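> Sequence first, predicted coordinates after that:
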Amino acid sequence: MPTPAPITRRLATLFAAAGLMACVAINAHAAPLLDSPLHIVVGYAPGGATDRVARVVADKLGAKLGVAVIVDNKPGAGGRLAAQQVKITPANQNVLMLANPAVMVVAPLVFKDNNYDAERDFVPVSHVNDYDFALSVSPTLPVRELSHLLAWMRANPTQANVGVPATGSLPHFFGLMMGEKAKVQTQVIGYRGSAPLLNDLIGGQVPIAVDTEDVVLPQHTAGKLRILALSGAKRSPFAPDIPTFKEAGLDLAATGWNTFFAPTSMPKDKIERLSTAIREVMQDPDTQRKFKDSGMTPVVSTQAQTVAMLKAYRAQWAPVVQKSGYQP
């Protein structure tokens, strides 16, 4: 028996509505936030801390944006080469740079031919992680507390050399900051990376070193050197037995970070979408676990909070860098 016409019309209407809703749902799910792949430029070779951060975020960000996210390593000039290239990115290209304070705070203060203005040519997008600096001593040095080390440095000014992984690096200026706060003379010796620095520290060729916590902590845990203090405002979750500088008696706190930046050519609405997507990635428990497994503290930050952080950071470090008289 044929179906009555009114029922047929109602069924047709229901099926049409269901089909429309399904199409809308599919399109909404499939619609990417960007119209082409996103490139994350890192100014260092693969394998370093900044590169590891970029790859953890990229792994999650692609699914969030609905496009491929590609990490491009462009090492050279301590990260400045990447900044010079990203600065001139056309507005129709999706490019972010993941950078640290060496590129966006220190370099603009010490290089006259920088070829980029960190504040004018870039827009902060999202601050994603922090890291502490570690003050370590050789096992051959008979000190176990910061106060003892400072007394030894005052008594032995010609021997109180402080090794750092590179001249002009954040550990370099943190070493100078420490010396100024403690009123001790610090002779900073720059190395060509953390590996030779740690070899000399462990072997006793240099008595003191400043480097990042994630680099030094495994050697401390193995008993090959001693970390006397860490630079965070509170104890590190990775080394809760090691005091902060403030706890050890020196009113000093500082951190390093990695932050995403966009070229000023990128439209504002796209920057806002990217900032929101990165913040959501950083809220993901798996992302946070991967950061912590690498010895890095994950940060969930809005764009406004990122801008405020940079302003405060530049205010803290600019006087130290300028007073040092450092010339590349």
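Cool, got the structure. This one's a predicted model, so the numbers in the text were calculated from it and none came from an experiment.

> so who does Thr158 touch?
Applying CB atoms under 8 Å, 6 or more residues apart in numbering to Thr158 gives no contacts. No exception for glycine: its C-beta is placed from N, CA and C like everyone else's.

> So it versus Gln185, what's the distance?
Thr158 sits 9 Å away from Gln185, going by CB to CB, to the nearest Å.

> What's the per-residue pLDDT of Ala18 here?
pLDDT, Ala18: 45.

> Also Gly76?
88.

> now it: how far from Gln84?
Counting by CB to CB - Gly76 and Gln84 are separated by 9 Å.

> who's more crowded, the two?
Of the pair Gly76 and Gln84, Gln84 is the one with more neighbours under other CB atoms under 10 Å, namely 17 against 13.

> Isn't Ala209 up against Ser136?
Yes - using CB atoms under 8 Å, Ala209 is in contact with Ser136, at 4.9 Å.

> where do the contact lists of those two overlap?
In contact with both Ala209 and Ser136: 201, 216, 225, using CB under 8 Å, 6+ apart.

> got a list of what Val162 touches?
Contacts of Val162 by CB under 8 Å, 6+ apart are 175, 179, 186-189, 206, 208-210.

> Compare these and tell me which has the most neighbours.
In the contacts of Val162, the most neighbours by other CB under 10 Å go to Ala209, 30 neighbours.

> three-state assignment of that residue?
Following DSSP: H, G, I helix; E, B strand; the rest coil, Ala209 is assigned to strand.

> Which positions are bridged to it in the beta structure?
Ser136, Gly163 (DSSP bridges).

> any idea how far Ser324 is from it?
18 Å.

> before we move on, what about Ala308?
26 Å.

> neighbour-wise, which of those two wins?
Ser324 (18 against 14).

> Next up, the contacts around the closest residue to the more buried one other than its chain neighbours.
Among residues not flanking Ser324 along the chain, Leu176 sits closest, at 5.3 Å (CB to CB, 6 or more residues apart in numbering). Going by CB under 8 Å, 6+ apart, Leu176 touches 186, 188, 320, 324.

> Assign Leu176 to one of the three secondary structure states.
Leu176 ends up helix, using three-state DSSP.

> and the gap between it and Ala82?
26 Å.

> Glu272 too?
Where Ala82 is concerned, Glu272 sits at a distance of 23 Å (CB to CB).

> Ala45 is in contact with Val71, correct?
No - using CB under 8 Å, Val71 makes no contact with Ala45, being 11.7 Å away.

> where exactly do the strands run in the stretch 1-150 of the chain?
Remark: strands assigned in the stretch 1-150 of the chain by DSSP state E, counting those that start in this stretch are 38-42, 69-73, 95-99, 122-137.

> can you redo those strands as a markdown table with distance to Gly193 and mean pLDDT?
Converted to a markdown table, these look like this (distance: least, CB to CB, whole Å; pLDDT from 0 to 100):
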| stretch | distance to Gly193 | mean pLDDT |
| --- | --- | --- |
| strand 38-42 | 17 | 97 |
| strand 69-73 | 17 | 97 |
| strand 95-99 | 19 | 98 |
| strand 122-137 | 16 | 97 |
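
> how about CSV for the ones you listed, with mean neighbour count added?
Formatted as CSV, the strands of the stretch 1-150 of the chain follow (neighbours: other CB atoms under 10 Å):
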stretch, mean neighbour count
strand 38-42, 22
strand 69-73, 17
strand 95-99, 26
strand 122-137, 25
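
> Go through those and name the closest to Ala229.
strand 122-137 (4.9 Å; CB to CB).

> Give me the angle between the closest one and strand 95-99.
Angle between the axes of strand 122-137 and strand 95-99 is 20 degrees (criterion: axes from the mean of the first three to the mean of the last three CA atoms, to 10 degrees).

> From the chain's centroid, how far away is strand 122-137?
4 Å (CA atoms, centre = their mean, to the nearest Å).

> got the CA coordinates for that strand in PDB?
Extracted as PDB, the C-alpha positions of strand 122-137 are listed here (Å, rounded to 0.1, in the frame of the first residue of the first chain):
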ATOM      1  CA  PHE A 122      57.500  41.100  15.500                       C
ATOM      2  CA  VAL A 123      54.200  40.500  17.500                       C
ATOM      3  CA  PRO A 124      54.300  38.200  20.500                       C
ATOM      4  CA  VAL A 125      51.900  35.300  20.100                       C
ATOM      5  CA  SER A 126      52.300  32.900  23.000                       C
ATOM      6  CA  HIS A 127      54.800  32.200  25.800                       C
ATOM      7  CA  VAL A 128      55.100  28.400  26.100                       C
ATOM      8  CA  ASN A 129      57.800  27.500  28.600                       C
ATOM      9  CA  ASP A 130      60.300  28.700  31.200                       C
ATOM     10  CA  TYR A 131      63.700  27.300  32.400                       C
ATOM     11  CA  ASP A 132      66.000  28.100  35.300                       C
ATOM     12  CA  PHE A 133      69.700  28.800  35.300                       C
ATOM     13  CA  ALA A 134      71.900  26.700  37.500                       C
ATOM     14  CA  LEU A 135      75.000  27.700  39.400                       C
ATOM     15  CA  SER A 136      77.300  24.700  39.600                       C
ATOM     16  CA  VAL A 137      80.700  24.000  41.000                       C
END
